[in-house]
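Asker: Pasting the sequence and the predicted coordinates here, then a few questions.
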Amino acid sequence: MSKLNFKIITHIMGLLLLCNGGFMLIATIVSFIYKDGVTMQIMLAALSTMFVGIILMFLTREHQKSINKREGYIVVTFGWIFMSLSGTLPYLFSDAIPSFTNAFFETMSGYTTTGASILNEIEIVPKGVLFWRSLTHWIGGMGIIVLAVAILPLLGIGGMQLFAAEAPGPSADKLHPRITDTAKRLWLIYFGYTAAETILLKVAGMDFFDAINHALSTLSTGGFSTKNASVAYWNDQPLIQYIIIVFMFLAGMNFILSYFGFKGKFGKFLKDEEFKWYVIFMVVFTAVSAIIIYLKADPANSVIDHPMVLGEAESAFRHALFQVLAVVTTTGFVSADFTVWTPFLKIIFFGLMFLGGSAGSTAGGMKIVRHLITIRNGILEFKRTLHPRAVLPVRYNTRAVSKEIVYNILAFFILYMLSFIIGSLVLGMLGLDFETAIGGAASSLGNVGPALGKLSPVNNFDVLPAFGKWWCSFLMLIGRLELFTVLILLTPFFWRNR
C-alpha cells in the first residue's frame, strides 16, 4: 500500500474552500439586495474562506496529479468536514447563530441535506443568512465532490476515485465515458430542475425569495424552509404544495433516469425495477395514509400555524402524499404534524425513515435498491436451503448481481442498523426519552429532518444537549456518505503504509 499523497489532499481541500467562499459571495449579493444589515459580515466570511483556500492551494501547488482510492475517501470525508467548518462563518459573523455548536449542527445539516434545524425563529433571520442556509443544501445535494470532479480536469487531476466514493447509492452509473462529463450533465439537470421549480413556485403565488429557497431545498431533498411552519405556511394554497410534491418526486428518483427522459428514452423507466418500486411505495403508503387521515385523524392536532381541512378528500390525499414523499425522499418538508395522525401512521412514518429514495438521487436513507436486493437474497436463501447445489443468483433489472455487491449491501444493511442502535443508545444516555432517541437517530442517519417525540415536525433539534448535537452531526455525516466512506477512516489498517 503506497504512502498517502497529502499534498494532493490538501490542494483539493483548498479548492473546496475556494468554491465554498465563492458560493458565500452569492449569499453576500442576496444580503445586499435585501439590505438585511449583514452584507459585510457574510462578505468577510466569504473572503476569509477563500483566503484560506488560496493559501492551501498555493502551498501545495507542486503535487503529484494522481489520486488513489484511499486518498479519495480522505478527500470526500474531510471535504465535507472542512466545508461544514467554513460554512459556519456566515452564521457566526452575522450573529444569526452565535453558538459554534449550533452553527456547526445547522451547517452539517445543510450540507448533508438533512434539514434538521436548531432555529426557533426562522423568519427573523437575515435573508442573506437564510439564503446561505438553503444554498448549503443545494451544494450538498448532488455532492460537493461531484462538483469538484467537474473542475479538477482543469488542474490535470482525474476524479473517478472521488465519484466512486461520493456517488449516492451502491453503484455509480455513467452517462458518458468521461466521469467529468457525467458530473457536468448531472449538474445541468440539477440546475435546470431548480430553475424550473423556482419559476413555477413564483407563478403559483410564492414570493421570489421564498420560491428560490424552497427550490434549492427541494431538489437537494434537504428541507430547510424560510418559514417557521415550513410548507404548512401555504396550506391554503394547494398548487404550491403540488409543485413541491412533483419536484420532491423528481429529486428522489435516479437522476440518470431524468437524463434518459430528456433524451426521449422513456423505456428506461419501465425497465428500471427501482423506479417501479419507488412509484409502488408512494402509491401504497399515500393511499393508506390518506384513508386513515380522512377517516380518523383529528384536524385540530395536525395544525402547524396554518390550518388544513382534513375532512376533505383532496386535503387528506394532498397531505398524505406530501408527507410520504417528504419522508421517503428524506426532504423533510412539513405540511402537517404526521406524528399525531394516529399511532399506526406514526409507526409507518418511522419505518419510512429507513426506506430512502432511489440510488443516484439526492435522497438520503438506505435506498430502495438495497432493500430490493436484500429481500431477494433472503428469499433465495430458502431455495438454497432446499437446493444447496443450485446456482441461484440475485437478479436486478434482469441481470445477475455479483456476490461481491450482494455481500456489500448486506454488510451495509447490518452496519446501518448497528449505527442506528448505537446512535439511539447514545441519545438515550443523554437523557432523551425512548421515542425521541430512536427518532433522532433514525432521522439523522437517514438525513430525513423531522423525527419523533421532542424532535417532531412541530419542534426542532435545539432541545438536544450540546453533545447530542455533535453526535447527530456525526450521524448525518456517515449517513450522507454511505457509512463506509467515513467509518473506514476509523480503522487502523486504513492508515498503515505497506
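Answerer: Ah, there it is.

Asker: Phi first, then psi, for Arg395.
Answerer: With angles defined as degrees, to the nearest 10, Arg395 sits at phi -110, psi 140.

Asker: nearest residue to it other than its sequence neighbours?
Answerer: Using C-beta to C-beta, 6 or more residues apart in numbering and skipping residues adjacent in sequence, the residue nearest Arg395 is Val401, 6.8 Å away. All C-beta atoms are positioned from the backbone trio N, CA, C, and that covers glycine.

Asker: ok, the one you found touching Tyr407?
Answerer: No: with contact defined as C-beta atoms under 8 Å, Val401 does not count as touching Tyr407 (10.3 Å).

Asker: Looking at these two, which one has more neighbours?
Answerer: Neighbours per residue, other C-beta atoms under 10 Å: of Val401 and Tyr407, the larger number sits with Val401, 20 against 11.

Asker: quick one, helices of the stretch 251-400 of the chain?
Answerer: For the stretch 251-400 of the chain, helices defined by DSSP state H, counting those that start in this stretch occupy the ranges 255-262, 267-271, 273-295, 299-302, 313-328, 343-352, 368-386.

Asker: ok and the third one relative to helix 368-386, angle-wise?
Answerer: Read it as helix 273-295. Between helix 273-295 and helix 368-386, the angle comes out at 110 degrees (axes from the mean of the first three to the mean of the last three C-alpha atoms, to 10 degrees).

Asker: Columns mean neighbour count and mean pLDDT on top of the helices of the stretch 251-400 of the chain, output as TSV?
Answerer: Formatted as TSV, these follow (neighbours: other C-beta atoms under 10 Å; pLDDT from 0 to 100):
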stretch	mean neighbour count	mean pLDDT
helix 255-262	19	88
helix 267-271	12	87
helix 273-295	17	93
helix 299-302	15	48
helix 313-328	23	92
helix 343-352	17	94
helix 368-386	16	90
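
Asker: and these as JSON lines, adding distance to Gly87?
Answerer: Below are the helices of the stretch 251-400 of the chain laid out as JSON lines (distance: least, C-beta to C-beta, whole Å):
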{"stretch": "helix 255-262", "distance to Gly87": "24"}
{"stretch": "helix 267-271", "distance to Gly87": "36"}
{"stretch": "helix 273-295", "distance to Gly87": "31"}
{"stretch": "helix 299-302", "distance to Gly87": "34"}
{"stretch": "helix 313-328", "distance to Gly87": "24"}
{"stretch": "helix 343-352", "distance to Gly87": "29"}
{"stretch": "helix 368-386", "distance to Gly87": "29"}
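
Asker: between the ones you listed, which gets nearest to Glu482?
Answerer: helix 368-386 (10.1 Å; C-beta to C-beta).

Asker: Can you list the neighbours in contact with that closest one?
Answerer: 169-170, 273-274, 277-278, 281, 355-359, 390, 392, 394-396, 401, 405-406, 409-410, 412-413 (C-beta atoms under 8 Å, 6 or more residues apart in numbering).

Asker: send the alpha carbons of it over as PDB?
Answerer: The C-alpha trace of helix 368-386 is given here as PDB (Å, rounded to 0.1, in the frame of the first residue of the first chain):
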ATOM      1  CA  ILE A 368     -34.800   1.300  -2.400                       C
ATOM      2  CA  VAL A 369     -32.400  -0.800  -4.500                       C
ATOM      3  CA  ARG A 370     -30.600  -2.100  -1.300                       C
ATOM      4  CA  HIS A 371     -33.900  -3.200   0.200                       C
ATOM      5  CA  LEU A 372     -34.900  -5.000  -3.100                       C
ATOM      6  CA  ILE A 373     -31.600  -6.900  -3.300                       C
ATOM      7  CA  THR A 374     -31.600  -7.700   0.500                       C
ATOM      8  CA  ILE A 375     -35.100  -9.100   0.300                       C
ATOM      9  CA  ARG A 376     -34.500 -11.100  -2.900                       C
ATOM     10  CA  ASN A 377     -31.300 -12.600  -1.400                       C
ATOM     11  CA  GLY A 378     -33.300 -13.500   1.700                       C
ATOM     12  CA  ILE A 379     -36.000 -15.300  -0.400                       C
ATOM     13  CA  LEU A 380     -33.300 -17.100  -2.400                       C
ATOM     14  CA  GLU A 381     -31.800 -18.400   0.900                       C
ATOM     15  CA  PHE A 382     -34.900 -20.500   1.300                       C
ATOM     16  CA  LYS A 383     -34.400 -22.100  -2.100                       C
ATOM     17  CA  ARG A 384     -30.600 -22.500  -1.500                       C
ATOM     18  CA  THR A 385     -31.500 -24.400   1.700                       C
ATOM     19  CA  LEU A 386     -33.600 -26.900  -0.300                       C
END
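
Asker: let's have the chain start at 46 instead
Answerer: Got it, the first residue is 46 from now on, which makes the last one we talked about helix 413-431.

Asker: and Met85, how many residues sit next to it?
Answerer: 13.

Asker: So it versus Phe465, what's the distance?
Answerer: Going from Met85 to Phe465 by C-beta to C-beta, to the nearest Å gives 43 Å.

Asker: Could you pick out the buried ones from the contacts of helix 413-431?
Answerer: 214-215, 318-319, 323, 326, 400-404, 439, 441, 446, 451, 454, 457-458 (16 or more other C-beta atoms under 10 Å).

Asker: For Ala91, which non-adjacent residue is closest in space?
Answerer: Once flanking residues are discounted, Ala91 sits nearest to Met69: 3.5 Å by C-beta to C-beta, 6+ apart.

Asker: That neighbour: which element?
Answerer: Element membership of Met69 [criterion: DSSP states H and E] is helix 51-79.

Asker: now swap in Met521 and tell me
Answerer: Assigned by DSSP H and E, Met521 falls in helix 511-525.

Asker: and what of Gly160?
Answerer: Applying DSSP H and E, one finds Gly160 in no helix or strand.

Asker: now the closest residue to it other than its chain neighbours: how far from Leu500?
Answerer: Excluding the flanking residues, the one nearest Gly160 by C-beta to C-beta, 6+ apart is Gly268, at 2.6 Å. Applying C-beta to C-beta, one obtains 13 Å for the distance of Gly268 from Leu500.

Asker: Over to Met398?
Answerer: Met398 sits 12 Å away from Leu500, taking C-beta to C-beta as the criterion.

Asker: which residues are common contacts for those two?
Answerer: Common neighbours of Met398 and Leu500 are listed as Ser488 (criterion: C-beta under 8 Å, 6+ apart).

Asker: How about residues contacting the helix or strand that contains Phe292?
Answerer: With elements taken from DSSP H and E, the one containing Phe292 is helix 283-297. The contact list for helix 283-297 (C-beta under 8 Å, 6+ apart) reads 186, 238, 241-242, 245-246, 249-251, 259-260, 263-266, 276, 279-280, 303, 323, 327, 359-360, 363, 366-367, 370-371, 373-376, 378, 380, 402-403, 406-408.
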